[in-house]
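Novice: Mind looking at a prediction? Sequence and model below.
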Amino acid sequence: MIDLEILLTVAILFAACLTRSTFGFGEALVAMPLLSMVVGVKDAAAMVALTSIFNATAILLTTKWGHIEWAAAGYMLSGALLGVPLGVYVLVNVPESAVKFVLAAVVISFALYNLISPTMAKLNSNVPGFGFGFISGVLGGAYNAFGPPMVIFGTLRQWPAQRFRITLQAVFFPVSLTVAGLHSANKLWTPLVVKSFLVAIPFLIVAAVVGREINKRIEGARFSRLIAYLLLVIGALLIGTIVRDGLGSAG
């Protein structure tokens, strides 16, 4: 019999995969705060890395590769691969409460960025993608939060939606493989991680199909704002768990 922990984990991974399939990013921003409250940050990071590989594969196999900005992807990937080991070191060695706090800050900041939608200057070069990629790699190695820096870079480059979505996957796929490999080397693939991911696979397939259809039919800006509001709530809940755990340990 599947216990409540597994059921909650699969439900969260389904929601995260649906978000990623719809927009091309965002699964970690949905999954990491919620999973960290259910299974802890380290197990959550390992689960999301495996799910990210699945999601990137599904999108790459169902979208035309001609839309990929290969030069930009190369710069972002190079920077990300340098940042990932530092991020994994943070995950393994830094106290979980600190990781949760930084994750909450990332989630809330990204949600506010989406809601405020500031007018930003256009970048005419792919070279800065290296710096954005490095920051993405650090966040990804620690919290699987690859998306925010790369999303900001893609926004600055003013890519059309389809090009934006597929180019990110060209970076996410190899970086997620690297992160998952480092997680395995650091013994983060616990029995709970493996079991939860295997149970979730059929639901991830459904989420990938549904998300692709939503991407075709729903006006993206409105749905993106709803997701941003949800992320604000999740970030606040995560900070609440940090405060609760701190008060519990103090008592």
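Specialist: Received, thanks.

Novice: Let me see the ranges of the helices in the stretch 1-150 of the chain.
Specialist: Counting by DSSP state H, counting those that start in this stretch, the stretch 1-150 of the chain has helices at residues 4-23, 27-38, 41-61, 70-93, 96-116, 129-143, 147-157.

Novice: Rebuild those helices as a markdown table, extending it with distance to residue 230, mean pLDDT and mean neighbour count.
Specialist: (Glycine included, C-beta is placed from N, CA and C.) A markdown table is the format used below for those (distance: least, C-beta to C-beta, whole Å; pLDDT from 0 to 100; neighbours: other C-beta atoms under 10 Å):
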| stretch | distance to residue 230 | mean pLDDT | mean neighbour count |
| --- | --- | --- | --- |
| helix 4-23 | 9 | 91 | 21 |
| helix 27-38 | 8 | 86 | 25 |
| helix 41-61 | 17 | 90 | 24 |
| helix 70-93 | 24 | 92 | 20 |
| helix 96-116 | 8 | 81 | 18 |
| helix 129-143 | 18 | 89 | 25 |
| helix 147-157 | 15 | 83 | 22 |
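
Novice: contacting residues for residue 62?
Specialist: Under the criterion of C-beta atoms under 8 Å, 6 or more residues apart in numbering, the neighbours of residue 62 are residue 212.

Novice: so where do the strands sit in the stretch 151-251 of the chain?
Specialist: In order along the chain, the stretch 151-251 of the chain carries no strands (DSSP state E, counting those that start in this stretch).

Novice: mind showing which ranges of it have poor pLDDT?
Specialist: For the stretch 151-251 of the chain, the stretches with pLDDT under 70 are 218-221, 223-224, 248-251.

Novice: go with 90
Specialist: Under the criterion pLDDT under 90, the flagged ranges of the stretch 151-251 of the chain are 151-166, 168, 172, 175-176, 178-180, 182-183, 186-188, 211-251.
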